[in-house]
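[1] I need the structure of the sequence given here:
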Amino acid sequence: MAFAAKGSKGESFLAVVVGGGAAFGLVVITSRAWKACRVDVAGSMPNGLTLLFLGLPLALIVNLVLFTLVFRYAGKAFLFSLVAAAIALAIADLALFSWQGTPAASPGICPGNVPPWWPAWIPT
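    Numbers count the residues shown, from 1 in each chain. The predicted structure follows:
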(Lines give C-alpha, C1' and ligand atoms only; values in the text may rest on other atoms or scores of the structure.)
Protein backbone atom coordinates (compact mmCIF):
# COMPACT_ATOMS: atom_id res chain seq x y z
CA MET A 1 0.00 0.00 0.00
CA ALA A 2 1.56 3.28 -1.12
CA PHE A 3 -0.12 5.33 1.60
CA ALA A 4 1.76 3.67 4.44
CA ALA A 5 5.02 2.83 2.76
CA LYS A 6 7.90 2.40 5.16
CA GLY A 7 9.32 5.82 6.06
CA SER A 8 6.53 7.81 4.38
CA LYS A 9 4.24 10.53 5.69
CA GLY A 10 1.47 7.93 5.78
CA GLU A 11 3.46 5.86 8.23
CA SER A 12 3.96 8.92 10.42
CA PHE A 13 0.24 9.68 10.24
CA LEU A 14 -0.61 6.11 11.26
CA ALA A 15 1.87 6.31 14.13
CA VAL A 16 0.27 9.50 15.42
CA VAL A 17 -3.30 8.23 15.02
CA VAL A 18 -2.79 4.74 16.44
CA GLY A 19 -0.11 5.63 18.99
CA GLY A 20 -1.89 8.80 20.07
CA GLY A 21 -5.19 6.99 20.43
CA ALA A 22 -3.59 4.26 22.50
CA ALA A 23 -1.84 6.86 24.69
CA PHE A 24 -5.12 8.71 25.25
CA GLY A 25 -6.83 5.42 26.13
CA LEU A 26 -4.08 4.60 28.62
CA VAL A 27 -4.48 7.99 30.32
CA VAL A 28 -8.26 7.55 30.51
CA ILE A 29 -7.97 4.07 32.04
CA THR A 30 -5.36 5.29 34.52
CA SER A 31 -7.55 8.23 35.50
CA ARG A 32 -10.57 5.96 36.03
CA ALA A 33 -8.47 3.55 38.12
CA TRP A 34 -7.12 6.36 40.29
CA LYS A 35 -10.63 7.78 40.83
CA ALA A 36 -12.10 4.37 41.67
CA CYS A 37 -9.38 3.65 44.22
CA ARG A 38 -9.03 7.24 45.44
CA VAL A 39 -5.31 7.28 44.73
CA ASP A 40 -3.54 10.59 45.35
CA VAL A 41 -0.21 10.45 43.51
CA ALA A 42 0.88 14.07 43.51
CA GLY A 43 -0.15 15.40 46.89
CA SER A 44 -1.53 18.90 46.47
CA MET A 45 -1.47 18.80 42.65
CA PRO A 46 -4.60 17.20 41.12
CA ASN A 47 -4.21 13.80 39.48
CA GLY A 48 -5.57 15.19 36.18
CA LEU A 49 -2.69 17.61 35.84
CA THR A 50 -0.21 14.86 36.67
CA LEU A 51 -1.65 12.70 33.90
CA LEU A 52 -1.81 15.60 31.44
CA PHE A 53 1.73 16.86 31.91
CA LEU A 54 3.56 13.65 32.86
CA GLY A 55 1.48 10.63 31.87
CA LEU A 56 0.32 11.69 28.41
CA PRO A 57 3.75 12.82 27.11
CA LEU A 58 5.39 9.63 28.41
CA ALA A 59 2.72 7.43 26.84
CA LEU A 60 2.89 9.37 23.55
CA ILE A 61 6.66 9.04 23.27
CA VAL A 62 6.64 5.33 24.09
CA ASN A 63 3.74 4.61 21.70
CA LEU A 64 5.05 6.67 18.77
CA VAL A 65 8.54 5.21 18.93
CA LEU A 66 7.31 1.65 19.46
CA PHE A 67 4.71 1.86 16.68
CA THR A 68 7.26 3.25 14.22
CA LEU A 69 9.87 0.61 15.04
CA VAL A 70 7.52 -2.36 14.94
CA PHE A 71 5.59 -1.17 11.88
CA ARG A 72 8.76 -0.46 9.93
CA TYR A 73 10.58 -3.69 10.72
CA ALA A 74 7.75 -6.24 11.13
CA GLY A 75 7.65 -7.18 7.47
CA LYS A 76 6.52 -6.05 4.07
CA ALA A 77 2.82 -6.84 4.40
CA PHE A 78 0.83 -3.78 5.53
CA LEU A 79 -1.79 -5.64 7.55
CA PHE A 80 0.75 -7.85 9.32
CA SER A 81 2.86 -4.81 10.26
CA LEU A 82 -0.21 -2.95 11.52
CA VAL A 83 -1.40 -5.88 13.66
CA ALA A 84 2.11 -6.46 15.03
CA ALA A 85 2.40 -2.78 15.97
CA ALA A 86 -1.05 -2.81 17.62
CA ILE A 87 -0.13 -5.88 19.70
CA ALA A 88 3.16 -4.26 20.73
CA LEU A 89 1.30 -1.10 21.78
CA ALA A 90 -1.20 -3.12 23.81
CA ILE A 91 1.58 -4.93 25.67
CA ALA A 92 3.53 -1.72 26.29
CA ASP A 93 0.45 0.17 27.50
CA LEU A 94 -0.50 -2.67 29.86
CA ALA A 95 3.05 -2.57 31.23
CA LEU A 96 2.81 1.22 31.69
CA PHE A 97 -0.56 0.80 33.43
CA SER A 98 0.88 -1.87 35.73
CA TRP A 99 3.82 0.40 36.54
CA GLN A 100 2.06 3.76 37.04
CA GLY A 101 -1.66 3.02 36.87
CA THR A 102 -1.59 0.97 40.06
CA PRO A 103 1.08 2.74 42.13
CA ALA A 104 1.99 0.72 45.20
CA ALA A 105 3.61 3.70 46.93
CA SER A 106 0.41 5.79 46.91
CA PRO A 107 -2.27 4.76 49.38
CA GLY A 108 -5.71 3.97 48.03
CA ILE A 109 -8.83 2.11 49.11
CA CYS A 110 -8.43 -0.80 46.66
CA PRO A 111 -6.10 -3.73 47.40
CA GLY A 112 -2.93 -3.10 45.43
CA ASN A 113 -4.61 -0.01 43.90
CA VAL A 114 -6.24 -2.28 41.34
CA PRO A 115 -9.82 -1.12 40.74
CA PRO A 116 -12.67 -3.61 41.22
CA TRP A 117 -13.73 -3.29 37.57
CA TRP A 118 -10.30 -4.43 36.29
CA PRO A 119 -10.48 -7.99 34.86
CA ALA A 120 -8.71 -10.52 37.05
CA TRP A 121 -7.27 -12.35 34.03
CA ILE A 122 -5.22 -9.28 32.99
CA PRO A 123 -2.16 -9.06 35.26
CA THR A 124 -1.14 -5.80 36.90
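[2] which helix or strand in the chain has the lowest average pLDDT?
    Using mean pLDDT, DSSP states H and E, the weakest-scoring helix or strand in the chain turns out to be helix 47-50, at a mean of 81.
[3] tell me which residues of the helix or strand following it come out buried.
    Next in sequence after helix 47-50, counting helices and strands by DSSP states H and E, comes helix 56-73. Buried positions in helix 56-73, judged by neighbour count with 16 or more other Cβ atoms under 10 Å: 56, 58-60, 62-64, 66-68, 70-71. No exception for glycine: its C-beta is placed from N, CA and C like everyone else's.
[4] ok now helix 56-73, how far from the chain's centre?
    The chain centroid and the centroid of helix 56-73 are separated by 10 Å under Cα atoms, centre = their mean, to the nearest Å.
[5] pLDDT of it, averaged?
    Averaged across helix 56-73, pLDDT comes to 93.
[6] so what touches it?
    Here helix 56-73 makes contact (Cβ atoms under 8 Å, 6 or more residues apart in numbering) with 4, 6-7, 11-12, 14-16, 18-20, 22-24, 26-27, 81-82, 84-85, 88-89, 92-93, 96.
[7] now, which of those lie within helices?
    11-12, 14, 20, 22-24, 26-27, 81-82, 84-85, 88-89, 92-93, 96 (DSSP state H).
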